[in-house]
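Asker: based on what follows, work out the 3D shape:
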Amino acid sequence: MGAQRPMQSSARHRYFKRRLKRSLGLLTAGLILAGIVGGGLAYPVLAPDSSRWSGPVITPTVSPTAESMISSVPETSLPTPETPTEAVLLTTEATPTQKEPGLPLPTQARNIPPSDDPSILYYTVAGDSLAVVSLRFGVNVGEVKSPMEIDHHGLLPPGQLLIIPNRLGETSSRSKLLPDSEVTFSPSTVDFDIKSFVEEAGGYLATHSQYLATTGITSGADVIGRIALEYSVNPRLLLAFLEYRSGWVYGFPEDQRSIDYPLGYYMEAKKDLYLQAAWFASRVMDGYYGWKEGRKLAIDFDDGQFLRLAPELNSGTVGLMNAFSDLYSYDDWVQALYTEESFFTLFEQMFGNPWIRAQEVEPLIPADIAQPEMILPFEPNYKWAFTGGPHAAWSSADVWAALDFAPPSSETGCHESPVWVVASVPGRVVRSENGVVVIDMDGDGYEQTGWTLLYLHIATKDRIPLDTWVEVGDRIGHPSCEGGRSTGTHVHIARRYNGEWVPAGGPLPFTLSGWTARASSVPYKGWLTRGTEIIYANTAATFETHIKREK
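Answerer: As a prediction, this is how the structure comes out:
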């Protein structure tokens, strides 16, 4: 299928007319509140600070078992919202600050009276596990009941009724803003032609190019495609947000700042399209997988306020809530996500109804899925070191889908290794460049469908060519430091299914030659288990980390 047609001029006119009207309305409201209009004392109206802030956020410890995962969750927490369409803010302020009329007021986080209903009836959705659902509702795993038997370790079947004690206080809206498949690099992107779409749109992006160290002069469309592929994020989402922030897709930037910071993240170290898009993709993925893994239960704002997330939300919605909170004050955040002039109005005008597309490809990871058999990624009888437990799959995106192994060597640091990395699974090599090799198990040539296995830090020398079919144990290259930051020669591997990273220590754990990965409370720690044997990860590659593949 070809690219979808860009917004008609009349639709764009109506959209930007609404945006202008909204801006004038917000300005007037701000002037009234400040006392500039309608008498009273005059105070300056300050623009919100859009710089990144790392304030407090609820991030419970992720432990290797469901029981220990819940240990850090407080017994008392925060009430189910009365109105699902509202975004409700929690704050540590003693007195709520006044908001624009029509927007929800912040609520004190302390001493919230409990709901009269002692239990919540919750029907599971694809991707749910008992440990993570318990974290989202703020209860112990043993307190969750069901008429059916509950799987304590794997994925729960969609539609299973869970009876959960009602300990939640006030939360965010329950409204799902965007399907997961419209946020990740899902099968719905297979027929989406980024280059054709950008050219038809005819804006600044169609003429833009920039120099990248690995690909030289790279077009704007190819930058978007590369971020989508590397971070496994939906290119439609990247394009829509780029248009929403700077008008690059259909129009032209109004000033140099919009050229330098097209996604509106004003930080000197993130100054160009590639770095801006990579930052946005990372923040979306942080929220997406933090929610999926039970590590992200709240959204924080730069004034110290935080928003407890409603347990009924989906990962895609939380991913966007997380990224938008880095760019907007609470008032503007609500406007961007929950009003008629929201980001999603533009998204649908550009790409049609996302929920219709989602019906064809979701759930991305079915509850009955099992990991195919995989072997350790090196040849038999060589002692490697298990140097990295579950940690980020790609760059700074906080997706704990990867494991690291270092080859035997008398040298430290980065050096040329003579030993081989091998294929853990059979399939077609669909990427072989810049230190990366990707094996596509279903052989259809798309990284968005079925199981894929990514290898990072594969040396250019002897690296397997693109489009080669490999069997289990075939050599694919040598471990190195190529393809990103690395302090020593090793190989980094991560799984995806239908374009979604699969957490290495989650309910679908990474298993290699019978060794099963478990996540620690911090990235890179973790361990491997096989029966009664345990190997703890250590970046120093100590004797205790040694592991050997027997066959």
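
Asker: show the average pLDDT along the strand or helix carrying residue 319.
Answerer: According to DSSP states H and E, residue 319 maps onto helix 315-325. Taken as a whole, helix 315-325 has a mean pLDDT of 97.

Asker: likewise for stretch 400-407?
Answerer: Mean per-residue pLDDT for stretch 400-407: 96.

Asker: all helices for the stretch 51-200 of the chain, in order.
Answerer: Assigned by DSSP state H, counting those that start in this stretch, the stretch 51-200 of the chain shows helices spanning 66-69, 130-137, 194-201.

Asker: and among the ones you listed, the most buried is which?
Answerer: Across those, averaging neighbours per residue (mean count of other CB atoms under 10 Å) puts helix 130-137 on top, at a mean of 24. The way it works is simple: take the backbone N, C-alpha and C, and place the C-beta from them, glycine included.

Asker: pull the residues that contact that one.
Answerer: By CB atoms under 8 Å, 6 or more residues apart in numbering, the residues outside helix 130-137 that reach it are 60, 65-66, 69-70, 73, 120, 122, 124, 140-141, 143-144, 150-153, 156, 162, 164-165, 167-168, 292-294, 297, 309, 311, 507.

Asker: please convert the buried members of these into ChimeraX selection syntax.
Answerer: Selecting only the buried entries of the contacts of helix 130-137 in ChimeraX, with 16 or more other CB atoms under 10 Å as the criterion:
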select :60,66,69,70,73,120,122,124,140,141,144,152,156,162,164,165,167,168,292,293,294,297,309,311,507
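
Asker: and residue 512, its phi and psi?
Answerer: With angles defined as degrees, to the nearest 10, residue 512 sits at phi -130, psi 120.

Asker: how about the strands in the stretch 151-300 of the chain?
Answerer: For the stretch 151-300 of the chain, applying DSSP state E, counting those that start in this stretch gives strands covering 161-165, 209-212, 216-219, 298-300.

Asker: end to end, how far does stretch 424-436 reach?
Answerer: End-to-end distance for stretch 424-436: 15 Å, by CA to CA, to the nearest Å.

Asker: which positions within that stretch qualify as buried?
Answerer: Neighbour counts using 16+ other CB under 10 Å place 424, 425, 426, 427, 428, 429, 430, 431, 432, 434, 435, 436 of stretch 424-436 among the buried residues.

Asker: contacts only, for residue 393.
Answerer: 232, 399, 400, 401, 402, 454, 494, 501 are the contacts of residue 393 under CB under 8 Å, 6+ apart.

Asker: does residue 183 touch residue 234 like I think?
Answerer: Yes: between residue 183 and residue 234 there is a contact under CB atoms under 8 Å: 5.6 Å.

Asker: mind giving me JSON lines with the contacts of residue 393 and columns for secondary structure and distance to residue 381?
Answerer: Converted to JSON lines, the contacts of residue 393 look like this (DSSP: H, G, I helix; E, B strand; the rest coil; distance: CB to CB, whole Å):
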{"residue": "232", "secondary structure": "coil", "distance to residue 381": "34"}
{"residue": "399", "secondary structure": "strand", "distance to residue 381": "33"}
{"residue": "400", "secondary structure": "strand", "distance to residue 381": "30"}
{"residue": "401", "secondary structure": "strand", "distance to residue 381": "28"}
{"residue": "402", "secondary structure": "strand", "distance to residue 381": "25"}
{"residue": "454", "secondary structure": "strand", "distance to residue 381": "26"}
{"residue": "494", "secondary structure": "strand", "distance to residue 381": "25"}
{"residue": "501", "secondary structure": "strand", "distance to residue 381": "31"}
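
Asker: can you add neighbour count and distance to residue 378 and give the residues you listed back as TSV?
Answerer: Below are those laid out as TSV (neighbours: other CB atoms under 10 Å; distance: CB to CB, whole Å):
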residue	neighbour count	distance to residue 378
232	28	25
399	29	24
400	28	22
401	27	20
402	25	16
454	22	16
494	26	16
501	26	22
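
Asker: ok now do the residue most central in space within the chain, which residues does it touch?
Answerer: In the chain, the residue lying closest to the centroid (CA atoms, centre = their mean) is residue 285, at 1.4 Å. Contacts for residue 285 (CB under 8 Å, 6+ apart) come out as 231, 232, 233, 319, 397, 398, 399, 501.

Asker: any idea which of the helices of the stretch 51-200 of the chain gets closest to residue 521?
Answerer: With CB to CB as the criterion, residue 521 lies closest to helix 66-69 of those, at 9.1 Å.

Asker: tell me which helix or strand of this structure sits lowest on mean pLDDT?
Answerer: None of the helices or strands of the chain scores lower by mean pLDDT, DSSP states H and E than helix 66-69, at a mean of 27.

Asker: give me the neighbour count for the nearest residue to residue 519 once chain neighbours are set aside.
Answerer: Excluding its sequence neighbours, the residue lying closest to residue 519 (CB to CB, 6 or more residues apart in numbering) is residue 505, at 2.9 Å. When neighbours are counted by other CB atoms under 10 Å, residue 505 registers 24.

Asker: residue 118 too?
Answerer: Residue 118 is flanked by 10 other residues according to other CB under 10 Å.

Asker: list the residues that contact it.
Answerer: Neighbouring residues of residue 118 by CB under 8 Å, 6+ apart: 165, 166.

Asker: what do you get for the one 3 residues further on?
Answerer: Contact partners of residue 121, counting by CB under 8 Å, 6+ apart, are 161, 162, 163, 164.

Asker: mind checking pLDDT for it?
Answerer: What the model reports for residue 121 is a pLDDT of 94.

Asker: what of residue 227?
Answerer: pLDDT for residue 227: 97.

Asker: let's have the contacts of residue 393 in TSV, adding distance to residue 130.
Answerer: What follows is the contacts of residue 393, written out as TSV (distance: CB to CB, whole Å):
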residue	distance to residue 130
232	26
399	21
400	19
401	21
402	25
454	29
494	25
501	21
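
Asker: and the residues you listed, which is closest to residue 238?
Answerer: The closest of the contacts of residue 393, once distances to residue 238 are taken by CB to CB, is residue 232, at 11.9 Å.

Asker: let's see the longest strand anywhere in the chain as PDB, backbone CA atoms only.
Answerer: As assigned by DSSP state E, the longest strand anywhere in the chain is strand 383-394. Coordinates of each C-alpha in strand 383-394 appear next as PDB, following Å, rounded to 0.1, in the frame of the first residue of the first chain:
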ATOM      1  CA  LYS A 383      34.200 -20.100  28.600                       C
ATOM      2  CA  TRP A 384      32.500 -16.700  28.200                       C
ATOM      3  CA  ALA A 385      31.500 -14.300  31.000                       C
ATOM      4  CA  PHE A 386      27.900 -13.300  31.800                       C
ATOM      5  CA  THR A 387      28.600  -9.500  32.200                       C
ATOM      6  CA  GLY A 388      25.100  -8.000  31.900                       C
ATOM      7  CA  GLY A 389      21.800  -9.000  33.300                       C
ATOM      8  CA  PRO A 390      18.500  -7.500  31.900                       C
ATOM      9  CA  HIS A 391      19.200  -3.900  30.800                       C
ATOM     10  CA  ALA A 392      18.300  -1.400  28.100                       C
ATOM     11  CA  ALA A 393      17.900  -3.000  24.700                       C
ATOM     12  CA  TRP A 394      18.900   0.100  22.700                       C
END
